[in-house]
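# Fold the following, please.
(chains A and B)
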Amino acid sequence: MLYVLSFFLSWLSGMLTILIVAFFSYDQFSIIDISSFAVLTFAGFLILFLLVYLIVLRIVNKKIGVSKQFVYLPLIFSMLANLPVYFLIWKNMGDLYGNSEATLFTLGFMTSGLVFGFFWAWKNKMLSPVKKM
Amino acid sequence: MKKLWVISYWLFVGSICEAHPGIGIVKDREGNIYYTDLAKVWKISPDGNKTIVVSGVHTHELYIDDDDNLYGEHLWYNGESQNTWGHYVWCLKNTGELIKEINPTEGFLSNYSFARDSSGNMYWVERFTNSKIMKKTKSGEIIKLVEGKFGFIGWLTCTKNGSLYFTENNKLHKLYPDGRSDSYRMETLADNIGSKSTDFSMMGRNYDSYGIWTDAADNVYLAMIDSKKVIRIGADRKPQTILTSNSLWAVCSGIFDNNGNMWVLENSVSNEVRARKISKEDMAGNKTLSSFTTYPHLFITLFTIAGVVLLFFGAKSVLNKKKQKLLHFAI
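The predicted structure is shown next:
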């Protein structure tokens, strides 16, 4: 349940960032633009979540203490775990979309990573004192 | 699920590859703008009212003569069993009457074009190993203007005085009467216009220049369909980006209205078509402005905020329950 919730919360936060930044970047942002961004970020984030995030989460949960997780988890997920996506965004820039769309995709995935990291740090912190009892 | 999304993605990319947008956008003397969405022809009146004037026609190009008679074609495929194409040419008279200028015929349009000058001469490209640019005079005489081993030649544009503009790979050429009878001169206006694109992009060929149009000062405008921008080539012959199209919309063609505003014909990745007005004030400031509404954007953003808040409280509630459960077991 928490995995599903964290997935949707992270993806939706990324999408929200794209929508908000688009207010300042574009003069028009149609339904087609929104649905295209939504489909592509959802598909991309789903693959990333299944192939990278879950594995990285398993590793960092073991290696990093709860007290440090609020700093390291968001950093790891928004930077390191997202590297394949950043690479693909950069590689396809100019061919499949322009610079401004690439920036939006990057910001969206960065936010998703940040939220995912914070979410699991928060979850671990909330449940950790109980474990000590 | 993952497979489904991968398939969806490639279907989405596939739809981009197969797109062959139209370039038909013209104006009449009263300032009405006409454009094709490949299924219908729309008219936008100066007050912004939008109506369909011809429906059920698949036309990529439009032409309007000095008497405001509008011309286009209808092209169709007869199915895989026959594997043939058919076409007819229609004309919407200034009286509102719709007639067939060329009756339904098998194959593609030949020795006929919508790129015409004010005298009614037609111009077209015959693309082979040696490509030719042809002219058909109003009397029906067909003349070869130029022949050569060109790269890929894109859409041909003709101005009222008979100057022709066309792109060949990443070059923009101008072909114009040199003053002597039936003699034309070709000049390369720019040789660095195109941006390279992949097979997955809109055009699926190496260079992405598409529709061409000019303004009153003879500046040439090029729609760069894959890089989603419009470039202007002025007297200094340096390509200058003047407009960037919005994300998944690409500018295919354009025209200047009677007030100096630029109208761009845009095609989306899902093959929707729209005409967007860029005012001359915005053009002067090199901005990428438009007056399209952003209400759907606003509502979806608000819904997304609500979704994030709900998910956050949902997660908090799940975590609290888990904590209670763990506390219960701990005690």
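
# And the residue nearest the centre of chain A?
With distances taken as CA atoms, centre = their mean, the residue of chain A nearest its centroid is A:Ser112 (2.0 Å).

# Count residues in the vicinity of the nearest residue to it once chain neighbours are set aside, would you?
Computed as CB to CB, 6 or more residues apart in numbering or on different chains, the closest residue to A:Ser112 that is not its neighbour in sequence is A:Gly14, at 3.6 Å. No exception for glycine: its C-beta is placed from N, CA and C like everyone else's. Neighbourhood size, A:Gly14 [other CB atoms under 10 Å in any protein chain shown]: 27.

# what pLDDT, on average, does stretch A:110-127 get?
Mean pLDDT, stretch A:110-127: 89.

# follow-up on the earlier one: next, the contact list for the residue nearest to A:Ser112, please.
A:41, A:45, A:107-112, A:115 (CB atoms under 8 Å, 6 or more residues apart in numbering or on different chains).

# neighbour-wise, which of these leads?
That'd be A:Ser112 among the contacts of A:Gly14, by other CB under 10 Å, with 30 neighbours.

# wait, is it part of a strand?
No. Assessed with DSSP: H, G, I helix; E, B strand; the rest coil, A:Ser112 is helix; it does not lie in a strand.

# hang on, the residue nearest to the centre of chain A packs against A:Ser13?
Yes. Counting by CB atoms under 8 Å, A:Ser112 does reach A:Ser13; the two are 6.3 Å apart.

# about what we covered before: columns distance to B:Ser139 on top of the contacts of A:Gly14, output as CSV?
Output for the contacts of A:Gly14, formatted as CSV (distance: CB to CB, whole Å):
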residue, distance to B:Ser139
A:Thr41, 59
A:Phe45, 64
A:Leu107, 61
A:Gly108, 61
A:Phe109, 63
A:Met110, 66
A:Thr111, 66
A:Ser112, 66
A:Val115, 71
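
# So, low pLDDT: which residues of chain A?
Along chain A, segments meeting pLDDT under 70 span A:26-30, A:32, A:94-95, A:129-133.

# so which of the contacts of A:Gly14 would you say is closest to B:Gly22?
The closest of these to B:Gly22 turns out to be A:Thr41 (CB to CB; 30.3 Å).

# So what does that closest one have for phi and psi?
phi -70, psi -40 (degrees, to the nearest 10).

# ok, now A:Leu19?
Backbone torsions for A:Leu19, taken as degrees, to the nearest 10, come to phi -60, psi -40.

# so how far is B:Ser163 from the closest residue in space to it that isn't next to it in sequence?
Spatial nearest neighbour of A:Leu19, chain neighbours left out: B:Thr301 (4.3 Å); criterion: CB to CB, 6+ apart. Taking CB to CB, to the nearest Å as the measure, B:Thr301 and B:Ser163 are separated by 47 Å.

# Let me see the ranges of the strands in chain A.
Taking DSSP state E as the criterion, chain A carries no strands.

# To what extent is A:Leu75 buried, counted in neighbours?
Residues lying near A:Leu75 (other CB under 10 Å) number 14.

# Surely it touches A:Gly117?
Yes. The pair A:Leu75 / A:Gly117 is scored as a contact, 7.0 Å apart, by CB under 8 Å.

# Surely B:Ala275 is in a helix?
No. Judged by three-state DSSP, B:Ala275 forms no part of a helix; its state is strand.

# OK, contacts around it?
B:25, B:33, B:35, B:42, B:44, B:263-266.

# residues contacting A:Met79?
A:Gly113.

# quick one: it and A:Ser112, what's the gap?
Shown here: A:Met79 relative to A:Ser112, a distance of 12 Å by CB to CB.

# now swap in A:Thr103 and tell me
From A:Thr103 to A:Ser112 the distance is 15 Å (CB to CB).

# tell me the mean pLDDT for the longest helix along chain B?
Assignment by DSSP state H gives helix B:295-330 as the longest helix of chain B. If you average the pLDDT over helix B:295-330, you get 84.

# cool, stretch B:163-178 as well?
Mean pLDDT, stretch B:163-178: 89.

# Determine how far the last residue of that stretch lies from the first.
The first and final residues of stretch B:163-178 sit 10 Å from each other (CA to CA, to the nearest Å).

# what about that stretch, near chain A?
No. Shown here: stretch B:163-178 not in contact with chain A (CB under 8 Å from any CB of the partner chain), separated by at least 14.4 Å.

# and B:Val146, what pLDDT?
What the model reports as pLDDT for B:Val146 is 90.

# what's the helix or strand harbouring it in contact with?
Element membership for B:Val146 (DSSP states H and E) is strand B:142-148. With contact meaning CB under 8 Å, 6+ apart, strand B:142-148 is reached by B:111, B:123, B:130-137, B:164, B:175, B:182, B:184, B:186.

# By pLDDT, give me the weakest of those residues.
Lowest pLDDT of the contacts of strand B:142-148: B:Asp182, 70.

# Now do the SS call for that one.
Three-state call for B:Asp182 (three-state DSSP): coil.

# beta partners of the residue nearest to it when sequence neighbours are not counted?
Nearest non-adjacent residue to B:Asp182, counting by CB to CB, 6+ apart: B:Ile143, 6.3 Å away. The residues listed as beta-bridge partners of B:Ile143 by DSSP bridges are B:Lys135.

# measure B:Ile143 to chain A for me?
Between B:Ile143 and chain A the distance is 40 Å, computed by CB to the nearest CB, to the nearest Å.

# What of B:Glu272?
Separation of B:Glu272 from chain A (CB to the nearest CB) stands at 6 Å.

# returning to what we had before: am I right that the residue nearest to A:Leu19 is in contact with A:Ile20?
Yes. Checked against CB under 8 Å, the pair B:Thr301 and A:Ile20 is within contact range at 6.6 Å.

# Between these two, which is the more surrounded one?
Using other CB under 10 Å, the more surrounded residue of B:Thr301 and A:Ile20 is B:Thr301, with 20 against 15.

# Now do the contacts for the more buried one.
Going by CB under 8 Å, 6+ apart, B:Thr301 touches A:16, A:19-20, A:23.

# for B:His58, same thing?
For B:His58, the contact set (CB under 8 Å, 6+ apart) comprises B:38-39, B:73-76.

# repeat for A:Gly113
A:Gly113 touches A:10, A:74, A:77-79, A:81-82, counting by CB under 8 Å, 6+ apart.

# rerun at 6 Å
Going by CB atoms under 6 Å, 6 or more residues apart in numbering or on different chains, A:Gly113 touches A:77-78, A:82.

# I'd like those residues as JSON lines, with neighbour count and distance to chain B appended.
Shown next, in JSON lines, are the contacts of A:Gly113 (neighbours: other CB atoms under 10 Å in any protein chain shown; distance: CB to the nearest CB, whole Å):
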{"residue": "A:Phe77", "neighbour count": "29", "distance to chain B": "16"}
{"residue": "A:Ser78", "neighbour count": "19", "distance to chain B": "17"}
{"residue": "A:Asn82", "neighbour count": "23", "distance to chain B": "18"}
